[in-house]
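*Asks:* sequence and predicted model, in that order:
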Amino acid sequence: MIDTFLSVFRISVKAIFANKMRAALTSLGIVIGVAAVITMLAVGSGTQKSMEERFSRFGTNILYLRQPWDLDESITSPKDITMDDVRAVRRVRGVTAAAPYISSGFEVKYGITKTTIDVLATDTDIFKAYDWQLASGRQFTEQEISSYAQVAILGDSIAKTIFNDVDAVGKTVIFDEVPFTVIGVMKKNGQGGFGFDMDEGTLIPYTTGKIKMNTGWGNSDPRSLDQVIIRVGDFNKIDEIKVAITNSVRNTHKIHPLGKDDFQLDDFASFVEEAKAASKTMSILLGVIGAVSLLVGGIGVMNIMLVSVTERTREIGIRMAIGATSADIRLQFLVEAMTLSCIGGIIGIILGVGVTMIVAANSTSIPAQMSLSSIIISFAFSAATGIFFGYYPAHKASKLTPIDALRYE
């Protein structure tokens, strides 16, 4: 059996090399399909991992208290989110941090350097909420917060942009014509939710931001906040703590027991699950796109093999006349199709791995993570494509009779 297969394989290889250009064009579809599958799966996997890593920095035990974006029209006198809510939330058992959050953008100047940055007006609980760390300097003091002090803590990247390698602590920067003293520089932290990138941003006391810089949404209450960032100590008790926070804020807003909430408490865990589901869907979609490319390549294999059967009808007749069976003929063309597909698969793997490595090395916006499983799956699919799309031409060849085949011109 092995000898028969090796003999058939040698015949198939000779046939392939006898028509090099046709064989190359036949394999090209498989090459592109396999390369596409590997690259697409790598991009999908890399995107999913990047998203999970980004969310893991926040933890799933983060809650966001804010006003609803689509407030129920039946609520006639909604209350703004204020520091009264922050203090009420901090009294809830299980809450380890509750930080006011007011974001805005300002032009910052230092000497001849001028740029635009995101500024987050908050207090020291933001460090506990997001587990942020300082590289140098210190946090705000209660005195600075209560006296609307013009002090700022710069993110890692923005500090380097403004001051290069010079120590920023103690320097004075100008935010929209208002001078601020830099009292600290953050370690590299990344985003802190809702698009705020701490590395490119700056922290100032919420009192200074709201009173002196007019940050926030400009609501009717001058004490209003954009939202409150809440961290709970035990994720397993998050539902219980959410109920307690809701009741506490309802009491602060003096909402009737039968009245509707004029605020919204978002569970970050739900954001994570939604993002993961979207990322997984995207990975599947990218894989399907690659698989379609492989399918098109398989159709090309079948098309060329059918042409090959027609062209080699006389050869088939001679082989049958000297003793080859229908099974031998079928095996020959099937092995030939598989060989073309496997050669295309190997070249496609090399091309796909190369493209993925180039993307991973040169692009920060398109993460790519290659896996051994995607390579194995791609090669297995290329071999399966050869079998599936090569069977019909092989079967057609095996059904020829020696007399008809020898008569064919």
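*Replies:* That came through fine.
*Asks:* does G184 count as helix, strand or coil?
*Replies:* strand (DSSP: H, G, I helix; E, B strand; the rest coil).
*Asks:* what count of nearby residues applies to the nearest residue to it once chain neighbours are set aside?
*Replies:* Spatially, and ignoring its direct neighbours in sequence, G184 is nearest to G137 (2.9 Å; C-beta to C-beta, 6 or more residues apart in numbering). To be clear about C-beta, it is placed using only N, CA and C from the backbone, and glycine gets the same treatment. Residues lying near G137 (other C-beta atoms under 10 Å) number 17.
*Asks:* where in the stretch 201-350 of the chain is pLDDT low?
*Replies:* 214-223, 268-276, 279, 286, 310-313, 316 (pLDDT under 70).
*Asks:* all helices for it, in order.
*Replies:* Secondary structure of the stretch 201-350 of the chain (DSSP state H, counting those that start in this stretch): helices at 206-207, 238-252, 268-311, 313-321, 326-362.
*Asks:* what residues of stretch 346-356 count as buried?
*Replies:* The neighbour-count check on stretch 346-356 (16 or more other C-beta atoms under 10 Å) flags I346, I347, G348, I349, L351, G352, V353, V355, T356 as buried.
*Asks:* state the distance from L120 to I30.
*Replies:* Using C-beta to C-beta, to the nearest Å, one gets 52 Å for the distance from L120 to I30.
*Asks:* which one's more surrounded, these two?
*Replies:* With neighbours defined as other C-beta under 10 Å, L120 and I30 compare such that I30 has more, 31 against 26.
*Asks:* ok, back up a step: nearest to I241 among the buried residues of stretch 346-356?
*Replies:* For these, the closest approach to I241 (C-beta to C-beta) belongs to T356, at 43.1 Å.
*Asks:* my guess is that closest one contacts M40. True?
*Replies:* No - using C-beta atoms under 8 Å as the test, T356 is too far from M40 to be in contact (9.6 Å).
*Asks:* quick check, K49 in a helix?
*Replies:* Yes - the assignment for K49 by three-state DSSP puts it in a helix.
*Asks:* which one is it nearest to, not counting chain neighbours?
*Replies:* The nearest residue in space to K49 (C-beta to C-beta, 6+ apart) is Q369, at 5.5 Å.
*Asks:* assign the one you found to helix, strand or coil.
*Replies:* Reduced to three states by three-state DSSP, Q369 is coil.
*Asks:* which element is the residue nearest to S248 when sequence neighbours are not counted on?
*Replies:* Using C-beta to C-beta, 6+ apart and skipping residues adjacent in sequence, the residue nearest S248 is A88, 4.5 Å away. Taking DSSP states H and E as the definition, A88 sits inside helix 83-90.
*Asks:* and L120, which of the three is it?
*Replies:* Counting by three-state DSSP, the backbone at L120 sits in strand.
*Asks:* in TSV: the helices of the stretch 201-350 of the chain, plus distance to D165.
*Replies:* As requested, these are arranged in TSV below (distance: least, C-beta to C-beta, whole Å):
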stretch	distance to D165
helix 206-207	31
helix 238-252	43
helix 268-311	36
helix 313-321	75
helix 326-362	27
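*Asks:* those helices: which one's closest to G44?
*Replies:* Ranking those by distance to G44, with C-beta to C-beta as the measure, places helix 268-311 first at 3.1 Å.
*Asks:* tally of neighbours for V292?
*Replies:* By the criterion of other C-beta under 10 Å, V292 has 13 neighbours.
*Asks:* next: I162.
*Replies:* Close neighbours of I162, defined as other C-beta under 10 Å, add up to 22.
*Asks:* quick one: contacts for it?
*Replies:* V108, Y110, T113, T115, L154, A168, V173 (C-beta atoms under 8 Å, 6 or more residues apart in numbering).
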